[in-house]
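Asker: A structural model of the following input is requested.
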Amino acid sequence: MFWGALITCLFVSILCFLFSYLIWKKREFSLIAGYNEESFKGDKEKLAKSVGLFLLIIGLLTLLLPFGLEFIGSVAGTLFAIIVIVGTIGLIIYINKI
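Answerer: Numbering: from 1, shown residues only. A predicted model of the protein is given here:
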């Protein structure tokens, strides 16, 4: 069970790291869901940095998730879900302010 979760989480975390790099450093705004070049009036640099940093943090947490599940138990999964949901809501609020 542990190895399957580790491989799955490793794959998802690599995808998060890749998208983080592409959005934050390469400025691939087309990877952001709902982004429209014509209607966005905010700072594109802040948008790229905030979404890229969020994906980087989610990638790190996803990489650590199987270890937390193995040693702590299902509390780690619940904590992971809460962090992702609260982080996503916070990111949406921040993006709408810039």
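Asker: Tell me the first helix or strand C-terminal of the longest helix anywhere in the chain.
Answerer: Criterion DSSP state H: the longest helix present in the chain is helix 44-71. Using DSSP states H and E, the helix or strand that follows helix 44-71 towards the C-terminus is helix 74-97.
Asker: give me the number of residues near Leu56?
Answerer: For Leu56, the count of nearby residues is 18 (other Cβ atoms under 10 Å). The way it works is simple: take the backbone N, C-alpha and C, and place the C-beta from them, glycine included.
Asker: With Ala76 instead?
Answerer: Applying other Cβ under 10 Å, we find 18 residues neighbouring Ala76.
Asker: Just give me how far stretch 43-55 sits from the chain centre.
Answerer: Mean-position distance between stretch 43-55 and its chain equals 11 Å (Cα atoms, centre = their mean, to the nearest Å).
Asker: Next: stretch 3-17.
Answerer: In terms of Cα atoms, centre = their mean, the centre of stretch 3-17 is found 13 Å from the chain centre.
Asker: Please export the C-alpha coordinates of it as CSV.
Answerer: Listed next in CSV are the C-alpha coordinates belonging to stretch 3-17 (Å, rounded to 0.1, in the frame of the first residue of the first chain):
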residue,chain,number,x,y,z
TRP,A,3,4.7,2.0,-2.4
GLY,A,4,1.6,2.5,-4.5
ALA,A,5,0.8,5.7,-2.6
LEU,A,6,4.4,6.8,-2.9
ILE,A,7,4.6,6.3,-6.6
THR,A,8,1.2,8.0,-7.2
CYS,A,9,2.1,11.0,-5.0
LEU,A,10,5.6,11.2,-6.6
PHE,A,11,3.9,11.4,-10.1
VAL,A,12,1.4,14.1,-8.9
SER,A,13,4.1,16.1,-7.2
ILE,A,14,6.4,16.1,-10.3
LEU,A,15,3.4,17.4,-12.3
CYS,A,16,2.9,20.2,-9.7
PHE,A,17,6.6,21.0,-9.8
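Asker: That concludes my questions; thank you for your assistance.
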